[in-house]
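> Provided below for reference: sequence and predicted model.
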Amino acid sequence: MLLCLFVDFCYNFVSFRSAPEFHHFPDATPMNNFTSLPTSSVGRKLVVGLTGLFLSMFLVMHCTVNLFLLRGDHGELFNSSAEFLATYPVLRPIEIGLFLLFIVHAFYAVWLWFTNRSARPDRYVVSRASDVSTLQSRTMIITAIGVFVFLVIHIWTFFISSRFFAGEHGPSMYQRVEEAFANPVYALFYIVAMGFLAYHLRHGFQSAFQTYGLRTSKYQKLIEAVAVVFWLFIPLGFALMPIYFMFRAH
C-alpha cells in the first residue's frame, strides 16, 4: 500500500509538471518554470506539505524516546537514550537538518498565509467562512503560533539548558524533566500546547496528502487512519508525561 502511495505521488508530480498550469507561473519562461515553482502558490504548498510530513516523522521518534520516561526505572533508559542522541556525532547533521526543515516549513507557511490573505476579495463582502474552508484550516495560523511559542520555551528548557549550560555535574535529563513537570503551571502549559499541536496536525497531515494529489477515494481511509496516529496518539503520548510527573510530585 505504501509503495502504491509512492508510485501515485511520482505519477501526480509528473502529471503536475506536464499540466498547462505549470507552464504559466507569473513572469516565468519555459527555461525557468521549474526553478520558479518554489516561489509560486502551488510550489509553496508543496514545500509546506513535504517539510511538514518530515517533521511529523520526527515526532514519532521523539515521542517514542520520551515515553521511556514512564518505564519506572528512574530514567535509566531515558538518560541513556538522551546521552546517545546528544553525543553521537552522526546525529549532529541530522539535528541541523531538522532545524532547517522547521525554518523552511515555518517560512513558507507564513509566506503562503500572507499571500493568500492579501489575495482575498473585498473584505467588506459578507460571507460565511464555513462555506469555503474548515475550522481547522482557518485556525492553522493560530495553532502554528501556539506550537511555535511552545517550541521556543521547550527547546530552551531542555535542549539549550542541558547542552550548553548544564555544567560538568548538572542534573540528568530525567531530573530536568521531573523538575519541570513538577511545576503545575509548566505542566498545564505543556498539555495545552499538545492540544494546539493535535489540532494543527489534524488539518496539516491530511492537507499535505491532498496537496500532492494522494487524498483520493483510493487512499482516503488509509490516510485518515494514519492521520489519527499523528494528530491524536502522538500528542496524547507527549501529554502523558506532564500528567505522570505532576501527579507523582503531588
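Happy to help now that I have it.
> Nearest residue to residue 148 in space, please, no chain neighbours.
residue 106 (6.9 Å; Cβ to Cβ, 6 or more residues apart in numbering). Bear in mind the C-beta positions are built from the backbone N, C-alpha and C, glycine included.
> What separation do you get for residue 74 and residue 175?
10 Å (Cβ to Cβ, to the nearest Å).
> so what sits against both of the two?
Shared contacts of residue 74 and residue 175 (Cβ atoms under 8 Å, 6 or more residues apart in numbering): none.
> quick one: low-confidence ranges for the protein?
In the predicted model, the chain carries pLDDT under 70 at residues 1-35, 120-133.
> show me where it has strands.
For the chain, no strands are identified by DSSP state E.
> quick one, helices of the chain?
2-18, 33-36, 41-66, 76-87, 91-118, 135-138, 140-154, 161-164, 173-181, 184-211, 220-228, 234-249 (DSSP state H).
> Put together a markdown table for those, with mean neighbour count on each row.
Formatted as a markdown table, the helices of the chain follow (neighbours: other Cβ atoms under 10 Å):
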| stretch | mean neighbour count |
| --- | --- |
| helix 2-18 | 12 |
| helix 33-36 | 14 |
| helix 41-66 | 17 |
| helix 76-87 | 15 |
| helix 91-118 | 14 |
| helix 135-138 | 14 |
| helix 140-154 | 16 |
| helix 161-164 | 12 |
| helix 173-181 | 18 |
| helix 184-211 | 19 |
| helix 220-228 | 14 |
| helix 234-249 | 17 |
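> So what does residue 165 look like in phi/psi?
phi -130, psi 20 (degrees, to the nearest 10).
> switch to numbering from 26
Shifting the count to begin at 26 puts that one at residue 190.
> In PDB, list the C-alpha atoms belonging to stretch 238-256.
C-alpha atoms of stretch 238-256 as PDB (Å, rounded to 0.1, in the frame of the first residue of the first chain):
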ATOM      1  CA  GLY A 238      -2.900  14.600  -5.100                       C
ATOM      2  CA  LEU A 239      -2.900  11.500  -3.000                       C
ATOM      3  CA  ARG A 240      -6.100  12.100  -0.900                       C
ATOM      4  CA  THR A 241      -8.300  10.200  -3.200                       C
ATOM      5  CA  SER A 242     -11.100   7.700  -2.600                       C
ATOM      6  CA  LYS A 243      -8.500   5.000  -3.200                       C
ATOM      7  CA  TYR A 244      -6.400   6.100  -0.200                       C
ATOM      8  CA  GLN A 245      -8.800   8.200   1.900                       C
ATOM      9  CA  LYS A 246      -9.400   5.600   4.500                       C
ATOM     10  CA  LEU A 247      -5.700   4.800   4.900                       C
ATOM     11  CA  ILE A 248      -4.700   8.400   5.200                       C
ATOM     12  CA  GLU A 249      -7.400   9.100   7.700                       C
ATOM     13  CA  ALA A 250      -6.300   6.100   9.800                       C
ATOM     14  CA  VAL A 251      -2.600   7.100   9.700                       C
ATOM     15  CA  ALA A 252      -3.600  10.700  10.500                       C
ATOM     16  CA  VAL A 253      -5.200   9.600  13.700                       C
ATOM     17  CA  VAL A 254      -1.800   8.300  14.900                       C
ATOM     18  CA  PHE A 255      -0.200  11.600  14.300                       C
ATOM     19  CA  TRP A 256      -2.800  14.100  15.400                       C
END
